[in-house]
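Peer 1: What shape does this take:
(one chain, ligands or ions: 1)
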Amino acid sequence: MRILIAEDDRLLGEAIHAGLKQNGFKTEWVQDGLAAWNALQSEGFSALVLDLGLPKLAGLDLLRRLRAGKSALPVLILTARDTAKDIVSGLDSGADDYLVKPFDLGELSARLRALVRRAAGNSAPLLECGSLRIDPAGRSVDYEGRSVELSAREFSLLHELVLNAGKVLSRAQLESRIYAWGEEVESNALEVHIHHLRRKLAPNLIRTVRGVGYIIPK
Ligand code: CA
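Peer 2: The predicted structure follows:
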C-alpha cells in the first residue's frame, strides 16, 4: 500500500513518513499542494494524507480538483484547526475521513487501512480470497488454515493482488505500488517475489497473464 503524504510542516511530515513506514506502508512525502498534484498524476497510490493548509495549492483546492477529475482515491485530511467548519468543508469536498492534529500515528495507520480496504470493496478487517486470509493490521497471512511466513515485500505484493482480486495488474503497476520512488529495483525482482509466493502458498494461486501482468482470480 503506497501512501502519499502532503504536509508542509517538516517535523510533522517526517514523523508521519517514518511512522507509516514503520507500520508497513510505502510512503512518499511532498511539501506543497502542486507537488502533491503532480505526484498523483502517476498511478500507484492507495490513499492520500492531506494537510489542508498547504503552500502553492491549498489542500481543499487539491481535493476539489481530484474529485472534479473523477479520482476515487481515498483521502484523509489533517487539520490543525479543529473547527467543525473545516471538517465539514473537507468532507463535503470529497474527503473520506479526517484527523485533528495532534493525532496518534497508530490511529492514522488504522484509519488508512480501513479507507483502503473499503475502497477495495471490503468492510471486514481481514481480507479473504478463496483459502487465503490476510490480516493487513498484523501483516500476517493464512493459507488453507496454516500460517505462512512472508517477507515484507512478498506481503506487500500479495496484499496488492488480493485487494485487486479479479483484476490483472501490470508489472509496472505492481512495481510502483511496492517500491518507493527512486528505489533501485533489479529487473527480475518482481518475478522472484512471485516465484516465492507461489512456492510458499500454492503454485497456481497467482496467474501470469502473458504480456500483461499478474492476477489472483476472485
Ligand atoms: Ca500546513
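Peer 1: now the residue lying closest to Leu78 once chain neighbours are set aside: how far from Leu40?
Peer 2: Spatially, and ignoring its direct neighbours in sequence, Leu78 is nearest to Asp51 (4.9 Å; CB to CB, 6 or more residues apart in numbering). Heads up, the C-betas are built off the backbone N, CA and C, glycines and all. To Leu40, Asp51 is 15 Å away according to CB to CB, to the nearest Å.
Peer 1: Comparing those two, which shows the higher neighbour count?
Peer 2: More neighbours surround Asp51 than the other of Asp51 and Leu40, with 25 against 20 (other CB atoms under 10 Å).
Peer 1: which ones are touching that one?
Peer 2: Going by CB atoms under 8 Å, 6 or more residues apart in numbering, Asp51 touches Ala6, Glu7, Asp8, Asp9, Gly59, Ile77, Leu78, Thr79.
Peer 1: Tell me the confidence at the closest residue to the ion within the chain?
Peer 2: Closest contact between the chain and the ion, by CB to the ion, is at Gly53 (3.6 Å). On pLDDT, Gly53 comes in at 91.
Peer 1: Shouldn't it be within a strand?
Peer 2: No - secondary structure of Gly53 (DSSP: H, G, I helix; E, B strand; the rest coil): coil, not part of a strand.
Peer 1: now it: how far from Ala18?
Peer 2: 21 Å.
Peer 1: between these two, which one's more packed in?
Peer 2: Gly53 (16 against 13).
Peer 1: Show me what the helix or strand where Asn38 lies packs onto, helices and strands only.
Peer 2: Asn38 is located in helix 33-40, with elements delineated by DSSP states H and E. Counting contacts by 3 or more CB pairs under 8 Å, 6 or more residues apart in numbering; DSSP states H and E, helix 33-40 packs against strand 2-6, strand 26-30, strand 47-51, helix 59-68.
Peer 1: Mind listing residues that contact the second one?
Peer 2: Applying CB under 8 Å, 6+ apart, the contact partners of strand 26-30 are 1-7, 13-14, 16-17, 20-21, 36, 39, 45, 156, 177-181.
Peer 1: now it against helix 33-40, angle please.
Peer 2: 150 degrees (axes from the mean of the first three to the mean of the last three CA atoms, to 10 degrees).
Peer 1: What pairs with strand 26-30, parallel or antiparallel?
Peer 2: strand 2-6 (parallel) (DSSP bridges).
Peer 1: which outside residues touch the helix or strand Arg177 falls within?
Peer 2: Per DSSP H and E, Arg177 falls inside helix 171-178. Defining contact as CB under 8 Å, 6+ apart, one finds that helix 171-178 is touched by 1-2, 26, 42-44, 46, 153, 156-157, 160-161, 185, 190, 213-214.
Peer 1: Just the ones of those residues in helices?
Peer 2: Arg153, Ser156, Leu157, Glu160, Leu161, Leu190 (DSSP state H).
Peer 1: how far away is the third one from Leu52?
Peer 2: Right, Leu157. To Leu52, Leu157 is 34 Å away according to CB to CB.
Peer 1: now Thr208
Peer 2: Thr208 sits 44 Å away from Leu52, going by CB to CB.
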